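Trainee: The amino acid sequence is not available; the structure is as follows:
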């Protein structure tokens, strides 16, 4: 069984500040990890994903995440927040190797960006 | 040129009714999914179809019945609606061909179902 825990249901930052959204996972097999963003009244959009290879993954809109196996973490960062980053962010895990892409999601983190 | 579309966007109905939500994707993908997002924003997979064949069926009441007339469509029919069925339902699609795929899932805009 797999699970995802996102630490902090709400994160608030000032425009231009570092964004750090935390995600820890549990998986019995090598995981595939994803970050999705959901803007109000919209569907989810993929930000980035880790499958194999380089552990630092770059995504859209300046976001990146680092897979740390020893810490079972996949935290999402962005050096400088922009007002347009305000949204809800979901971390997800897939066991990839044995499923048809079944995603298990965390509970989401709402990011608020202050001027 | 919407990639994954769902209808209706909003659905308000009484307990005990039967309703359907439709999903269509024009991406040529082979796999489609239904997810439920509850009031606490927790997203959970319900079903997945690959080339019209059911491949994922989570622990979902049998009042929920997915139907895939072709690989571009995956509809969700719900019988005898209950208050607890109120949620946002998301359809998604992916080019996943089989096990071990890393393909991205593309989500529709969601259908907000309210059961009164």
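Mentor: Yep, that arrived. Just so it is clear, the structure is predicted and the values come from calculations on it, not from any experiment. Numbering: from 1, shown residues only, chains lettered A, B, ... in the order given.

Trainee: Every contact and neighbour count from this point should use C-alpha atoms.
Mentor: Noted.

Trainee: For chain B, just list every one of the strands.
Mentor: All strands of chain B, identified by DSSP state E, fall at B:4-7, B:10-13, B:19-25, B:31-37, B:43-50, B:53-57, B:64-70, B:73-78, B:87-94, B:106-107, B:111-115.

Trainee: what's the shortest one in contact with?
Mentor: In other words, strand B:106-107. Identification of contacts with strand B:106-107 by C-alpha atoms under 8 Å, 6 or more residues apart in numbering or on different chains yields A:43-46, B:3-4, B:90-94.

Trainee: before we move on, what about the third one?
Mentor: Residues from elsewhere that reach strand B:19-25 (C-alpha under 8 Å, 6+ apart): B:2-8, B:72-79, B:81, B:91, B:93, B:111.

Trainee: And the most centrally placed residue in chain B, how close does it get to chain A?
Mentor: When C-alpha atoms, centre = their mean is applied to chain B, the residue found nearest the centroid is residue B:34 (2.7 Å). Going from residue B:34 to chain A by C-alpha to the nearest C-alpha, to the nearest Å gives 11 Å.

Trainee: Sketch out the low-pLDDT regions of chain B for me.
Mentor: In the predicted model of chain B, residues B:1-2, B:96-102 satisfy pLDDT under 70.

Trainee: hmm, back to that, list only buried entries from the contacts of strand B:106-107.
Mentor: Neighbour-count burial (16 or more other C-alpha atoms under 10 Å in any protein chain shown) applied to the contacts of strand B:106-107 gives A:43-46, B:4, B:90-94.

Trainee: If any of the contacts of strand B:19-25 are buried, put those into a ChimeraX selection.
Mentor: Typed into ChimeraX, the line below selects the buried ones among these, using 16+ other C-alpha under 10 Å:
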select /B:4,5,6,7,72,73,74,75,76,78,79,81,91,93,111
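
Trainee: Please list which of the contacts of strand B:19-25 also come close to chain A.
Mentor: For chain A, no contacts are drawn from those by C-alpha under 8 Å from any C-alpha of the partner chain.

Trainee: Near residue B:54, how many residues? Count them for me, please.
Mentor: Other residues near residue B:54 come to 16 when the count uses other C-alpha atoms under 10 Å in any protein chain shown.

Trainee: Residue A:109 is in contact with residue A:88, correct?
Mentor: Yes - contact criterion C-alpha atoms under 8 Å: residue A:88 and residue A:109 qualify, at 5.5 Å.

Trainee: Strands along chain A, start to end?
Mentor: Under the criterion DSSP E, chain A carries strands at the ranges A:3-7, A:10-14, A:19-26, A:32-38, A:44-50, A:56-58, A:64-68, A:73-78, A:87-94, A:104-105, A:109-114.
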